[in-house]
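Visitor: sequence first, then the predicted structure, then my questions.
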Amino acid sequence: MRLDREGRRTVAQFLNGVAVAVVATMLLAPMAGGKVDIGTAVLGAMCALTLHAMALFVAARR
């Protein structure tokens with residue numbers, strides 16, 4: 001299936017939105033509550049970076 005430019009942009013925005021949600025739930029909320037778990041923080045950061053990289057890949061495809 002080939003996506004046009006609008007479709008790729010929509011998919012990239014969705015993936016970036018999910019990445020922001022991961023950062024908010026796995027990094028910011030536990031730190032605000034004072035319950036920092038390094039494993040969860042690292043996992044959240046890696047998930048967010050992976051989603052953002054996927055968004056860049058989708059947006060850059062021709």
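Guide: Looks like it came in fine.

Visitor: list the contacts of the residue nearest in space to the middle of the chain.
Guide: In the chain, the C-alpha closest to the average C-alpha coordinate belongs to A19, at a distance of 1.7 Å (CA atoms, centre = their mean). Counting by CB atoms under 8 Å, 6 or more residues apart in numbering, A19 touches C47, A48, L49, L51, H52, A55. C-betas here are computed from N, CA, C, even on glycine.

Visitor: next one: D4
Guide: D4 touches nothing, counting by CB under 8 Å, 6+ apart.

Visitor: mind listing the strands for this protein?
Guide: With strands called from DSSP state E, the chain shows none.

Visitor: got the contact list for the helix or strand of it with the lowest mean pLDDT?
Guide: Using mean pLDDT, DSSP states H and E, helix 29-33 stands out as the lowest-scoring helix or strand of the chain, at a mean of 88. Here helix 29-33 makes contact (CB under 8 Å, 6+ apart) with V36, D37, T40, A41.

Visitor: rewinding a little: now the residue nearest to the centre of the chain. Nearest residue, chain neighbours left out?
Guide: Of all residues not flanking A19 in the chain, L51 sits nearest, at 3.9 Å (CB to CB, 6 or more residues apart in numbering).
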